[in-house]
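A.B. asks: pasting the sequence and the predicted coordinates here, then a few questions.
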4 protein chains.
Amino acid sequence: MSGLLAGLEDRIAGVRELYEDLHRNPELSFQEQRTAGVLAQRLRTAGYEVTGGVGGTGVVGVLRNGDGPGVLLRADMDALPVREVDQVPYRSTAVGVDADGNESPVMHACGHDAHMAALIGAAEQLAARRDAWSGTVLAVCQPAEEVGGGARAMIDDGFLDRFPAFDVALGQHIASAPSTHLYVRPGVFMAAADSLQVTVHGRGGHGAQPQATVDPIVIASSIVLRLQTVVAREISPEDVAVVTVAAVHAGGKENVIPTTAELKLNVRTFDPEVRETVLAAIGRIVRHEAAAAGAPREPDIEPINSFPLLVNDVDAARRVSDAFAGEFGEDVVHTPQAKAGSEDFGAFGTAAGVPSVFWNFGGFDPALYADPARPNAAVAAGKAPGNHSPEFVPTGLEPTLLRASSALVTAAALWLG
Amino acid sequence: MSGLLAGLEDRIAGVRELYEDLHRNPELSFQEQRTAGVLAQRLRTAGYEVTGGVGGTGVVGVLRNGDGPGVLLRADMDALPVREVDQVPYRSTAVGVDADGNESPVMHACGHDAHMAALIGAAEQLAARRDAWSGTVLAVCQPAEEVGGGARAMIDDGFLDRFPAFDVALGQHIASAPSTHLYVRPGVFMAAADSLQVTVHGRGGHGAQPQATVDPIVIASSIVLRLQTVVAREISPEDVAVVTVAAVHAGGKENVIPTTAELKLNVRTFDPEVRETVLAAIGRIVRHEAAAAGAPREPDIEPINSFPLLVNDVDAARRVSDAFAGEFGEDVVHTPQAKAGSEDFGAFGTAAGVPSVFWNFGGFDPALYADPARPNAAVAAGKAPGNHSPEFVPTGLEPTLLRASSALVTAAALWLG
Amino acid sequence: MSGLLAGLEDRIAGVRELYEDLHRNPELSFQEQRTAGVLAQRLRTAGYEVTGGVGGTGVVGVLRNGDGPGVLLRADMDALPVREVDQVPYRSTAVGVDADGNESPVMHACGHDAHMAALIGAAEQLAARRDAWSGTVLAVCQPAEEVGGGARAMIDDGFLDRFPAFDVALGQHIASAPSTHLYVRPGVFMAAADSLQVTVHGRGGHGAQPQATVDPIVIASSIVLRLQTVVAREISPEDVAVVTVAAVHAGGKENVIPTTAELKLNVRTFDPEVRETVLAAIGRIVRHEAAAAGAPREPDIEPINSFPLLVNDVDAARRVSDAFAGEFGEDVVHTPQAKAGSEDFGAFGTAAGVPSVFWNFGGFDPALYADPARPNAAVAAGKAPGNHSPEFVPTGLEPTLLRASSALVTAAALWLG
Amino acid sequence: MSGLLAGLEDRIAGVRELYEDLHRNPELSFQEQRTAGVLAQRLRTAGYEVTGGVGGTGVVGVLRNGDGPGVLLRADMDALPVREVDQVPYRSTAVGVDADGNESPVMHACGHDAHMAALIGAAEQLAARRDAWSGTVLAVCQPAEEVGGGARAMIDDGFLDRFPAFDVALGQHIASAPSTHLYVRPGVFMAAADSLQVTVHGRGGHGAQPQATVDPIVIASSIVLRLQTVVAREISPEDVAVVTVAAVHAGGKENVIPTTAELKLNVRTFDPEVRETVLAAIGRIVRHEAAAAGAPREPDIEPINSFPLLVNDVDAARRVSDAFAGEFGEDVVHTPQAKAGSEDFGAFGTAAGVPSVFWNFGGFDPALYADPARPNAAVAAGKAPGNHSPEFVPTGLEPTLLRASSALVTAAALWLG
């Protein structure tokens, strides 16, 4: 390792320690108080000028190092209401209270802890090697990526006015893929996501008198099954869409037919027309499946949140990809397909009118993946855990974190170096 | 009104006051502490020898009045986790914590408050008129009818040994039917009920990567729809069964496919062979709908509770029915069909080896029911509320409570008089 | 055997021969040409005055035997488009052309061949013993019971004017029940039946381009599954209904999504209000399941045919039942529940304003039925064949036919004797 | 127009006449007797050496014109069992008998008539201008593309041995796209297709006695709905699959529950692993949906036919695309996405070990398509007819046929010129 990366390897034990601490102490979206405190402290110690409470719990560290471009490096801080399986000594047993007021176990099941650790590793390295570059680094610790409002909240809180300008926004996400491998896609990279809350209205009553009720559970079940036809029948094989019903809740006592059922839907698309087709089909199916049961009123369909498409600047992404291949070897740098996952990272670059580049890094035992270029095949086959699974705990931590920190520094160096 | 009933009418304002107090203060199964206290106090004041804490919160009042038969009069005390709609000034706004530890609004949506008020009315009347009969009255306030364990808990707590013997067990339940009407059926009256908890095991993951998961919500929905075929296809039109899925719970965050889904099922049957057919079909459907999705393991099917058939002694029920017709007029006494609802009242008579008689009394505005002999038609048509509905609040309270108390006294008089 | 039955036993070999001939040569509804010819010939030989071609292929034989009441004895002649399994030497290999012009194997899968043979046995016996009774016998061989129009066609063809008056109409149907057992129910005996044709309109196209189509097969499948909820959720457990989708046809080539799908529905009910509820629910479900798919137009729902309730006169049926018990023994005479099957036999009695009595006789090996009073249990358990099954070929033919002929004579004797 | 195309325009009226004749007289797969005769005659007249009866009804015309490469030009001849809507004076009213022996209307609903007309136009043009090129042309009229066996049948009938060698195989297909536009994709162009016949085994019986049956229509409907989850849940959004149930047939009489149900399935995939996943999921769902109903035996799943992937040689396809752009203008030449449709054209090139190039040409009013590069959007929106639809009758016939003939000649000229 040479240039800006020299010495980064020595830093990784400390990065790993940070990772394990964050993993043990996950916090739900917009509640990342402790996390923000830990990160702010690390950045301050490294010499960054730190501002907390940006857009809620967001933290911004600024390192001004002479004239030159500004580079924004972003990690996201929030965890998920998932109960971690018992796999590692630093397992989370944390419990949180979600936005609906329900208690839930909490876990970094999407790997944001690795993003934060890698960002701190890169930020500390850039601070340590500030003789070797000039410009300004913005280390951004964003709240609430999972619910889609965190980037927007920081921008709405005056981010562009309060902090130095930047010429590129860089970010990364851990994937179920072999540790040390990197995945960069110029152009459309991640899907638009729309989440909806559907409330079905039936008529409650006694479980032994269904004829006196309109059973909302039958309606909800019919909706779930019929929604499968949206992707299977209404979307061209040439287009991409995902429609997931991620939650259904109805009823309490085993002999009381409830009055309502609640569904949470999540939709992914890569094209505005396809998005419109899918949302219209959902509305149509939800309404008519309720009407088929003689429901006393139409279901309510309310938006929960919405993520835009994440589009990497084509030129900037190619430069980053080439730099990765040069630094780490061509065999570990891949061009993936566009992903159905969603991200609000793009909001920073879009708001500032500058290019964004976002990539994935692998974080799991390479033996799990028959073909490093197609790691999803292993996930689909059930051989490797997917994001948001209760088993999504990275292995090979030190190589993973070293590669992720190095990737951030390498990409940043394209502008700063 | 004459004989044992003389003066009962004057007592009804006090009975109504008790009803409204109980309605305002509902308590969930096995948590009927306040209710038990109120009832024990009323019985003690009326001259009964009162024992509390029988089978948990059960209360037994004994009135010995010379030689003669023993008559058990029973009311049930528990309420339901239902949020009452705003219809009456004595509406419940109570909140309870159910057996799973979840908070819930609570309501007397099954009318047990009316049963208790009517029992107290009858008990006070019998105490007041003890010159006119001889024998022993057991006024039994039973906990936890809704969950099916209350009668069994009292019997297991030594009921038969600790209290005087009885020759008949009498009980009643309010129905969605015209106030002052009575419904007595000799023979099989109420269904056997079996409640089951089904846990579907899928594989969780990211909402945008369904291919890496086994979606338990799709499995649960398929089970719900396919279970409709049990009654529609597998049971003879000459037999009766009800299969209700009364609860389904799965998932939390809108972009996380959960690992499991929970269903609560309720089954009603009138014949042991039909019961076996239905339970076998449920098992078969649940297993194969999970296997159709490639579920990683079979669903778990666990019993929640089980109610036996409620069978009225044919001779005793006919005597009661004839006495009602003689006292109140033939036009208000009906022979209903067997009901799909369930009851654990029969446990007392069965345990003691004596006849049981259980009947229904109406409690709603007669104008709602085109044909008093077929009140269910009005419920089915949505014109009258059914038991367990959040609108199940009796109207015409004073005639209703007077008739219900009178019915208990009239039936008791067949043995005591 | 005595009285009117004396000598009937000797006649049974000839009745059996007739049965086997009819079984080998089944004909579809309104096409019973050969059958009618055979029956007319037998009746004429026995001394009846015979008229053919009544209401299409109907045959009426009249035997006037002095003053006295008129008794109508009816058998139905048509067979079903079912391919008989290879069980007996007199198996049908006939092929017919149905009303839609399609070829089909034909089989007496509903046992009308046994009805005809038993009627001829009874008619010959009454002719032979005409010294022992007085009055008039009408032996009616009706076409097209299966499609519901045969009795109506005979009546519309002047039946009441062209033939002698009668005081009672008697008929019988073979059941999956032990040979020699009889089943008589006063009051409502068989269900009203409504058959409907549903045409679902989608939009056809290439199997690889579902997005350019509205797939009528998905709509039809959704309708079939959702219709299961009508009986399972919308009908009271105290009421009875059956909703069967008996045919679904859509598509041809494996890579062409068709434009339409055709369904045939069959509905059974015992109560006019329940019938209305079921038909309304079917309409609602069919419409909204099509709309949920964005169908270009509403499905068509057309009636195919309709059978009224079959109601036995209470007094006449009790007299018949008592006569059976006296003649054949109480242990072989049962009071069954009302049946979901349908019959147009009632049209004769209704048209003439006289009582009808219709009963079932068993026709299968008694060892198949654990409880002769509940033969349906064996059918439900798959131990005995049901009507319309390709295995519905009676066994124990001679006792069965003797008992069926004797039953007709015994019942007729109540009026003629 | 210049070079090899000079004079082609004058030929188009005759090509159109041929088209209309073929459109009026469609024939089903492997029954293309009349069609083959017409084409053989035209080729012979143009100077080709013609062999008929190759692989059934296939026709091969050979034009040897000095030394040089061999070029195979292929059109397919068969039509579909679709009833044409009344749109054009040359509408088909033909009736055919399909492989199952059923009568059906027949229509060139996939546009093979346009392929044949364009091939004849090109073949005649090449014959007329034989001074301008040298080499050998094979004009191949293939039977039975729709059922996937025609190319294979010709090859199995000694095609490679009996006819001159060729260096490239060229073919084209009409699409729902603007007339005169061309669509060429290097690499994977069309999907693998697998068609399956599924026979569900239930237990038949009377429509009023569902409890004595296992209803195969409920099973079939459950299979259809559950199959929607294969694409919606089991395939990665990054992969492509189509699962269509194109036919379902069960039952006859409206009151007889049938014993079996027949389904025809069609599967499209672009990747062998995805194909395996889909076929395995279909098997699993079919088996378990039957088992969920307690079916007496497992469904049968039999292959109907199978098409391999159609892969265009990357270099050859780029050369063709560039030649089209040069000849017809860049604005009418597009690179489409891979298509879910299937083709057996590739069998010729694969068998001979030479490159294949297959492209689409538009054939409809350009006003129907908002974006010529994405014509499928118009089909999806219901604005333009899709292949196999009863409305798939090309408009703008003369420009369409001129462009299609010119495209064949232009592509052939790359090798022959």
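C.D. replies: Received, thanks. Everything numeric here is computed off the predicted structure, so don't read it as measured data. Residues are numbered from 1 along each chain as shown, chains lettered A, B, ... in the order given.

A.B. asks: any idea how far A:Ala291 is from chain C?
C.D. replies: Distance, A:Ala291 to chain C, using C-beta to the nearest C-beta, to the nearest Å: 5 Å. Bear in mind the C-beta positions are built from the backbone N, C-alpha and C, glycine included.

A.B. asks: then A:Ala191?
C.D. replies: In terms of C-beta to the nearest C-beta, A:Ala191 sits 18 Å off from chain C.

A.B. asks: same deal with A:Ala99?
C.D. replies: Remark: distance between A:Ala99 and chain C (C-beta to the nearest C-beta) = 31 Å.

A.B. asks: A:Ala317 too?
C.D. replies: A:Ala317 sits 31 Å away from chain C, going by C-beta to the nearest C-beta.

A.B. asks: that residue looks like it's in a helix, true?
C.D. replies: Yes. A:Ala317 forms part of a helix when assessed by DSSP: H, G, I helix; E, B strand; the rest coil.

A.B. asks: show me the residues around A:Tyr90 that make contact.
C.D. replies: Contacts here follow C-beta atoms under 8 Å, 6 or more residues apart in numbering or on different chains; on that basis A:Tyr90 touches A:Glu20, A:His23, A:Arg24.

A.B. asks: and A:Val71, what are its phi and psi?
C.D. replies: Main-chain dihedrals, A:Val71, degrees, to the nearest 10: phi -130, psi 120.

A.B. asks: run the chain-centre distance for the helix or strand of chain A with the lowest mean pLDDT.
C.D. replies: Across the helices and strands of chain A, mean confidence by mean pLDDT, DSSP states H and E is lowest for helix A:375-380: a mean of 86. Centroid separation between helix A:375-380 and its chain, computed with C-alpha atoms, centre = their mean, to the nearest Å, is 18 Å.

A.B. asks: so which elements touch that helix?
C.D. replies: With contacts taken as 3 or more C-beta pairs under 8 Å, 6 or more residues apart in numbering or on different chains; DSSP states H and E, helix A:375-380 sits against strand A:168-178.

A.B. asks: what is the mean pLDDT for the strand it packs on?
C.D. replies: The pLDDT scores in strand A:168-178 average 97.

A.B. asks: name the strands paired with that strand and say parallel or antiparallel.
C.D. replies: Strand A:168-178 sits in its sheet next to strand A:70-76 (parallel), strand A:356-364 (parallel), going by DSSP bridges.

A.B. asks: list the buried residues in the last one.
C.D. replies: Going back to what we said before, that points to strand A:356-364. For strand A:356-364, the neighbour count (16 or more other C-beta atoms under 10 Å in any protein chain shown) marks A:Ser356, A:Val357, A:Phe358, A:Trp359, A:Asn360, A:Phe361, A:Gly362, A:Gly363, A:Phe364 as buried.

A.B. asks: out of those residues, which is nearest to A:Ala175?
C.D. replies: Within the buried residues of strand A:356-364, the smallest distance to A:Ala175 is 4.1 Å, found for A:Asn360 (C-beta to C-beta).

A.B. asks: now do the contacts for the closest one.
C.D. replies: Contact analysis of A:Asn360 by C-beta under 8 Å, 6+ apart lists A:Gln172, A:His173, A:Ile174, A:Ala175, A:Ala177, A:Leu182, A:Tyr183, A:Pro336.

A.B. asks: how about a cut-off of 10 Å?
C.D. replies: Neighbouring residues of A:Asn360 by C-beta atoms under 10 Å, 6 or more residues apart in numbering or on different chains: A:172-177, A:181-185, A:189-190, A:334, A:336, A:339, A:341, A:375, A:404, A:407.

A.B. asks: also A:Gly52?
C.D. replies: Contacts for A:Gly52 (C-beta under 10 Å, 6+ apart) come out as A:Gln33, A:Ala36, A:Gly37, A:Leu39, A:Ala40, A:Leu43, A:Arg44, A:Gly58, A:Val59, A:Val60, A:Gly61, A:Cys141.

A.B. asks: my guess is the third one meets A:Leu22, correct?
C.D. replies: No. Contact between A:Gly37 and A:Leu22 fails when scored by C-beta atoms under 10 Å: they sit 11.4 Å apart.

A.B. asks: the two - which one has more neighbours?
C.D. replies: A:Leu22 (27 against 13; other C-beta atoms under 10 Å in any protein chain shown).

A.B. asks: for the helix or strand hosting the more buried one, packing partners?
C.D. replies: A:Leu22 belongs to helix A:12-24 when elements are defined using DSSP states H and E. Helix A:12-24 sits against helix A:33-45, helix A:112-128, helix A:397-416, with contacts defined as 3 or more C-beta pairs under 10 Å, 6 or more residues apart in numbering or on different chains; DSSP states H and E.

A.B. asks: look up how far A:Arg185 lies from the residue nearest to A:Ile120 when sequence neighbours are not counted.
C.D. replies: Closest residue to A:Ile120 apart from its sequence neighbours, by C-beta to C-beta, 6 or more residues apart in numbering or on different chains: A:Arg42 at 5.0 Å. From A:Arg42 across to A:Arg185, the span is 30 Å (C-beta to C-beta, to the nearest Å).
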